[in-house]
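**Student:** Task: produce atomic coordinates for the following.
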Amino acid sequence: MPVSQAGYKYLKTYQISVVIYDLTVRFCDRFISKQSRTHDQMVQAARSGKQNIAEGYEEKSLKGYIYLLGIARASHIELLEDYLDYARQNKLSVWDKGDLRVRELREFREFDHPELPDPPEKTVNLLITLLYQETYLEKKQLEALEQKFIKEGGYTENLFRKRLQHRGPQ
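**Tutor:** This next block holds a predicted model:
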């Protein structure tokens, strides 16, 4: 019988965030000095994105989930900006989304946990591609959660409704 896992681990946003976090740690260790504040900032942004997806999913409150997923997305956008800055400052080209090399990067499976490519340009473009995918999926997930909140209400509203039902007609 397969071992069960927390529900958030089935989310594509979480699965991709794990890969982004792992690759970011390796990228920073390889290309950015550990004494640099940027090293810590990038690793923390990647970690924050992953952790907030997990924490948000476990929230009882849909409002809390939406809030934490928003923080995850903001952390991933911050990290994306760091990679774009790194590319610009190191005169590395950022490949257009229509580029065949980007299409190839998009075809990996999240569970494959790709290794960091040797050339820094390919490495940066892999992480930029993953972050574009991640922030797009997080945006879609946020939109779906917001619609669910509108249709079903939040945790407090639903508890209050149940309380009124329990008390019966007045």
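
**Student:** for the longest helix seen in the chain, what is the average pLDDT?
**Tutor:** Assignment by DSSP state H gives helix 120-152 as the longest helix of the chain. Averaged across helix 120-152, pLDDT comes to 94.

**Student:** For that helix, list every residue counted as buried.
**Tutor:** Within helix 120-152, the residues scored as buried using 16 or more other Cβ atoms under 10 Å are 120-131, 133-135, 137-138, 141-142, 145, 149. Yep, even glycine has a C-beta here, placed from its N, CA and C like the rest.

**Student:** Check stretch 57-73 too.
**Tutor:** 57, 62-63, 65-66, 68-73.

**Student:** Output stretch 137-148 as CSV, restricted to C-alpha atoms.
**Tutor:** As requested, the backbone C-alpha atoms of stretch 137-148 are provided in CSV (Å, rounded to 0.1, in the frame of the first residue of the first chain):
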residue,chain,number,x,y,z
LEU,A,137,0.1,28.5,-11.8
GLU,A,138,0.0,30.3,-8.5
LYS,A,139,-2.0,33.1,-10.2
LYS,A,140,-4.5,30.6,-11.5
GLN,A,141,-4.7,28.8,-8.2
LEU,A,142,-5.3,32.2,-6.4
GLU,A,143,-8.1,33.0,-8.9
ALA,A,144,-9.7,29.6,-8.2
LEU,A,145,-9.5,30.0,-4.5
GLU,A,146,-11.0,33.5,-4.7
GLN,A,147,-13.9,32.2,-6.7
LYS,A,148,-14.4,29.4,-4.1
